[in-house]
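**Student:** give me coordinates for this.
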Amino acid sequence: MSSSFRAPPVRSSDEIDFVRLFASVWQQKKLLLFVTLGAGLIAASYAFLAAPVYKVSTVLRPAAINDLDALNRSEIYQLPPADALLKVGAALDSYDTRLSYFKKNQKLFEKFVRPGQTLEQSFQEFNHDSIRLILPDEDKKNSLSSYIKLEMMYPKGVDGVSILNGFVDYAIESERERVTADLNVIVKNRLRELKGKLDSARSNYDIEKEAKIASLREADSLKRAQLQDELKALRSQLKTLRSDRIAQLNEAIGIARSLGIQKPATPSSLGESAVTNAGSVMRTEVNNQQIPLYFMGVDALKAELAALQSRKSDDFTESRIAQIAKELQLLASNREIEVLDARKNEDIFLAGVQPLRTEIFRLSSLNIDLAKLRLVSIDQQALEPLVPSSPNRPLIIFLGLLLGAIVAIGIALVRQGLRAVRDNAERDGHEPAGSLLHSVAQLDRQQEPGNKLNRK
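**Tutor:** The predicted structure follows:
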């Protein structure tokens with residue numbers, strides 16, 4: 001008995017898997033084509049039947065320096081272009097600003113309103129899904145990257161260009177009104193502060209003026225009282241002196257009468273009055289002592305006494321009294337007080353208020369045309385898109401074909417494995433369950449023409 005058995009050439013499992021798997025799959029190319037085309041047809045149906053969604057965008061950049069020069073040169077409100085861009089960006093991202101624009105332009109958003117939802121609920125869905133604010137990457141240190149981009153997704157039948165451009169204009173106008181309101185409040189507060197300082201200076205001036213007038217009047221009153229006291233004392237003194245003089249004259253009259261001195265005489269003439277007059281004699285008397293009053297003689301003393309008794313005022317005897325009368329007359333009216341009271345425009349006499357007046361005039365005449373204030377520069381306005389952004393039909397069809405091919409290959413492998421298991425079971429009667437690759441390898445070995453046993 002002889003055998004013609006020949007051992008098959010040894011091949012690696014990887015080579016067998018790849019070649020045999022490819023061959024087994026390629027045998028079912030009709031299935032592959034059908035499943036792949038079916039998946040592609042489904043994907044194409046979705047791509048062409050799905051509602052198209054369009055995307056528009058707008059880009060904002062900082063305004064030019066000269067656009068904000070008038071505002072910044074006012075020295076009241078400083079707003080650099082970068083800060084203005086951030087303010088507008090904050091307005092664009094503000095929920096309140098978006099909701100306000102949504103409510104004021106309900107006709108533009110009719111497609112976004114869902115039945116059974118409130119206006120706020122419809123806006124919430126639009127705000128979450130349809131509009132997005134994009135800021136530049138902060139890691140990129142490039143001044144050219146300073147911008148704000150706003151994107152909007154919308155279905156067919158919606159005027160997305162008008163919505164986005166209108167919203168940008170609305171946000172810029174809202175921020176411009178806010179800047180205007182802030183500027184007006186700052187100017188009013190500044191004017192109120194300056195006028196308060198001016199009123200304070202005016203009040204201080206009035207107080208100082210009243211204090212000065214009161215001080216002048218007090219000084220005049222004090223001087224007047226002192227002069228009147230002095231005048232009263234002088235008159236009392238003169239009256240006392242006159243009384244003393246009258247008493248002296250009465251005493252001297254009595255002495256002169258007792259001595260028989262009727263006419264004015266001297267001590268020497270009184271001693272020689274008894275000597276016989278032998279002839280005409282002229283005498284000269286030198287005496288450095290005061291002659292007693294009674295030597296004036298009775299006639300002279302009586303004449304002086306009568307004059308003193310008939311005197312009504314002694315003021316003329318003292319020159320100081322006339323001087324006091326002059327000073328009292330001058331104190332009757334204070335010309336400095338009259339000048340102070342006669343001032344009509346007292347603001348010109350306020351000290352240190354000229355800078356306040358200058359600032360008040362500058363703020364009152366401040367004329368900034370905020371209606372034409374450009375907070376940002378619209379670098380790119382939203383334009384009507386030529387094609388929808390989604391669905392991406394070529395990509396969807398390609399992915400559908402790719403997925404169909406993968407599914408077809410999987411189905412082919414499963415069918416081939418099941419067939420191999422069934423064939424082995426029919427030949428051997430039973431076959432233990434094994435892996436798919438093992439079944440395919442077994443089927444490959446059976447299909448090789450040289451892999452046969454010749455038995456005798």
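**Student:** rest of the way, CA atoms for contacts and neighbours
**Tutor:** Noted.
**Student:** so what does the stretch of helix or strand residue 241 belongs to touch, helix or strand wise?
**Tutor:** Per DSSP states H and E, residue 241 falls inside helix 160-259. If you count contacts as 3 or more CA pairs under 8 Å, 6 or more residues apart in numbering; DSSP states H and E, helix 160-259 packs onto strand 53-62, helix 81-93, helix 95-104, strand 148-155, helix 297-310, helix 319-330, helix 335-341, helix 354-364.
**Student:** other SSEs contacting the fourth one?
**Tutor:** Judged by 3+ CA pairs under 8 Å, 6+ apart, strand 148-155 is in contact with strand 53-62, strand 131-134, helix 160-259.
**Student:** quick check: angle from that strand to helix 160-259?
**Tutor:** 140 degrees (axes from the mean of the first three to the mean of the last three CA atoms, to 10 degrees).
**Student:** got the angle between strand 148-155 and helix 81-93?
**Tutor:** Using the same axes, to 10 degrees: strand 148-155 against helix 81-93 is 20 degrees.
**Student:** before we move on, what about the first one?
**Tutor:** Relative orientation of strand 53-62 versus helix 81-93 (the same axes, to 10 degrees): 150 degrees.
**Student:** CA atoms of the next helix or strand after strand 53-62 as PDB?
**Tutor:** Per DSSP H and E, the first helix or strand lying C-terminal to strand 53-62 is helix 69-72. The C-alpha trace of helix 69-72 is given here as PDB (Å, rounded to 0.1, in the frame of the first residue of the first chain):
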ATOM      1  CA  ASP A  69     -10.400 111.700  19.900                       C
ATOM      2  CA  ALA A  70     -13.200 114.200  20.700                       C
ATOM      3  CA  LEU A  71     -14.500 112.000  23.500                       C
ATOM      4  CA  ASN A  72     -11.000 111.300  25.000                       C
END
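**Student:** quick one: mean pLDDT for stretch 89-109?
**Tutor:** For stretch 89-109, the mean pLDDT works out to 90.
**Student:** so how far is stretch 317-328 off the chain centroid?
**Tutor:** With CA atoms, centre = their mean, to the nearest Å as the basis, stretch 317-328 stands 71 Å off its chain's centre.
**Student:** same question for it, mean pLDDT?
**Tutor:** Stretch 317-328 comes out at a mean pLDDT of 92.
**Student:** what about the closest residue to residue 201 other than its chain neighbours, neighbour count?
**Tutor:** Once flanking residues are discounted, residue 201 sits nearest to residue 350: 6.8 Å by CA to CA, 6 or more residues apart in numbering. Applying other CA atoms under 10 Å, we find 15 residues neighbouring residue 350.
**Student:** my guess is residue 350 contacts residue 203. True?
**Tutor:** No: if you go by CA atoms under 8 Å, residue 350 and residue 203 don't touch, sitting 9.8 Å apart.
**Student:** one step back: what's the pLDDT at the residue nearest to residue 201?
**Tutor:** Checking the pLDDT column for residue 350, the value is 85.
**Student:** tell me who's in contact with residue 151.
**Tutor:** 55, 56, 57, 58, 131, 132, 133, 134 (CA atoms under 8 Å, 6 or more residues apart in numbering).
**Student:** chain neighbours aside, what residue packs nearest to the third one?
**Tutor:** Meaning residue 57. That would be residue 151: by CA to CA, 6+ apart, it lies 4.3 Å from residue 57.
**Student:** beta partners for that neighbour?
**Tutor:** residue 57, residue 132 (DSSP bridges).
**Student:** list the buried residues for stretch 231-249?
**Tutor:** 231, 234, 235, 238, 242, 246, 249 (16 or more other CA atoms under 10 Å).
**Student:** between those residues, which is closest to residue 426?
**Tutor:** Residue 426 lies nearest to residue 231 out of those, by CA to CA, at 161.6 Å.
**Student:** ok, the closest residue to the closest one other than its chain neighbours - contacts?
**Tutor:** If the residues on either side of it in the chain are set aside, residue 231 comes closest to residue 321, at 6.3 Å by CA to CA, 6+ apart. The contact partners of residue 321, by CA under 8 Å, 6+ apart, come to 231, 234, 315.
**Student:** separation between the last one and residue 259?
**Tutor:** The one in question is residue 315. Distance, residue 315 to residue 259, using CA to CA, to the nearest Å: 35 Å.
**Student:** same thing with the second one?
**Tutor:** With distances taken as CA to CA, residue 234 is found 37 Å from residue 259.
**Student:** before we move on, the earlier item: most widely separated two among the buried residues of stretch 231-249?
**Tutor:** Maximum distance among the buried residues of stretch 231-249 (CA to CA): 26.6 Å, for 231 and 249.
**Student:** any idea of the pLDDT on residue 363?
**Tutor:** 87.
**Student:** do you know how far it is from residue 149?
**Tutor:** 37 Å.
**Student:** coming back round to it: Throw the contacts of residue 321 into TSV and include distance to residue 109, thanks.
**Tutor:** Shown next, in TSV, are these (distance: CA to CA, whole Å):
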residue	distance to residue 109
231	102
234	107
315	109
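**Student:** hmm, back to that, let me know which of the helices and strands packed on strand 148-155 is tucked in deepest.
**Tutor:** Mean neighbours per residue, mean count of other CA atoms under 10 Å, is largest over the helices and strands packed on strand 148-155 for strand 53-62, with a mean of 20.
**Student:** the closest residue to residue 170 other than its chain neighbours: neighbour count?
**Tutor:** Nearest-residue entry for residue 170: residue 101, 7.2 Å, with adjacent residues in sequence omitted and distances by CA to CA, 6+ apart. Number of residues near residue 101 (other CA under 10 Å) recorded here: 17.
**Student:** repeat for residue 376
**Tutor:** 24.
**Student:** okay, the helices and strands packed on helix 160-259 in CSV with distance to residue 172 next?
**Tutor:** Below are the helices and strands packed on helix 160-259 laid out as CSV (distance: least, CA to CA, whole Å):
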stretch, distance to residue 172
strand 53-62, 11
helix 81-93, 6
helix 95-104, 10
strand 148-155, 13
helix 297-310, 106
helix 319-330, 75
helix 335-341, 58
helix 354-364, 26
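**Student:** skip the chain neighbours and tell me the closest residue to residue 53.
**Tutor:** Nearest to residue 53 is residue 155, by CA to CA, 6+ apart, at 4.5 Å.
**Student:** same question, residue 408
**Tutor:** residue 32 is the one closest to residue 408 (CA to CA, 6+ apart), at 4.9 Å.
**Student:** so that neighbour makes contact with residue 403?
**Tutor:** No: Residue 32 is not in contact with residue 403 according to CA under 8 Å; the separation is 11.4 Å.
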